[in-house]
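Asks: quick one, what's the 3D model for this:
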Amino acid sequence: MAKYNIIPKKEKVKTLSYRNSVNPTLVEEIAKEIIMKLMVEKKYRDPKYSARQLAKDIGANMRQISAVINMRFQQNYAQLVGGMRIQEAKYMLQDSHFDKMTMEDIAINVGFSTRQSFYATFYRQCGITPKEYKLNNQC
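Replies: I've put the predicted structure just below:
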C-alpha cells in the first residue's frame, strides 16, 4: 500500500477506435476530397471555413473527417489548415510582388482572422516571427 493511500495512476493506453471505423478505401476517397477542397479550391483562405463545413461539402461526417485528417496528415483540422496558410504566407513574404502589403494584409489574405493569430501560428510552426522570416529570406 502506498503512503497516504494514494495509488499510482496506471498509464492509459490510448486506443484509437475511430481509425478502425473508417474503411481504408473510404479513407483514400475522403483524403482526396479534403485535398481538393482545401488546397485546390483554396478553402483554407476562408477564416470561417470549418471542419463541419468541410464535412458537409464532401458528404462525410465529422468523425470521418477527423479520423482521416489524423491518419493521413498526422494533424488535426486546425493544424492542417494553419499549415496551409503559413506556407502561402511564406511565399508571399519572400515574393517582392507583395512587398507593399502589411503583415495584417498578408494574414487576412491567407485566411487568418487577426494579425495576432497569424503571428502566433507562424511562430509556433517556424520558430521565428513573420517579420524575421521576411528579413532573412529576401531575394
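Asks: end to end, how far does stretch 46-57 reach?
Replies: From its first residue to its last, stretch 46-57 covers 14 Å (Cα to Cα, to the nearest Å).
Asks: and the contacts of it?
Replies: By Cβ atoms under 8 Å, 6 or more residues apart in numbering, the residues outside stretch 46-57 that reach it are 34, 37-38, 43, 61-62, 64-66, 69, 77, 81, 111-113. Every residue, glycine included, has its C-beta placed from N, CA and C.
Asks: repeat that for 6 Å
Replies: 37, 43, 61-62, 65, 77, 111, 113 (Cβ atoms under 6 Å, 6 or more residues apart in numbering).
Asks: among those, which ones are in helices?
Replies: Judged by DSSP state H, helices contain the following of those: 62, 65, 77.
Asks: returning to what we had before: list only buried entries from the contacts of stretch 46-57.
Replies: 37, 43, 65, 77, 111 (16 or more other Cβ atoms under 10 Å).
Asks: if we can go back for a sec, and which of the contacts of stretch 46-57 is nearest to residue 28?
Replies: residue 65 (14.1 Å; Cβ to Cβ).
Asks: for that closest one, give me its contacts.
Replies: Contacts of residue 65 were listed using Cβ under 6 Å, 6+ apart, and they are 51, 54-55.
Asks: got it, and residue 123?
Replies: Contacts of residue 123 by Cβ under 6 Å, 6+ apart are residue 129.
Asks: list the buried residues for the one helix or strand it maps to?
Replies: Following DSSP states H and E, the helix or strand that holds residue 123 is helix 115-126. Buried residues in helix 115-126, counted by 16+ other Cβ under 10 Å: 115, 118-119, 121-122, 125.
Asks: one more: stretch 29-46?
Replies: Residues of stretch 29-46 classed as buried: 30, 33-34, 37-38, 43-45 (neighbour count, 16+ other Cβ under 10 Å).
Asks: quick revisit: now the ones in helices among the contacts of stretch 46-57 as a markdown table including distance to residue 131?
Replies: Formatted as a markdown table, the ones in helices among the contacts of stretch 46-57 follow (distance: Cβ to Cβ, whole Å):
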| residue | distance to residue 131 |
| --- | --- |
| 62 | 37 |
| 65 | 34 |
| 77 | 28 |
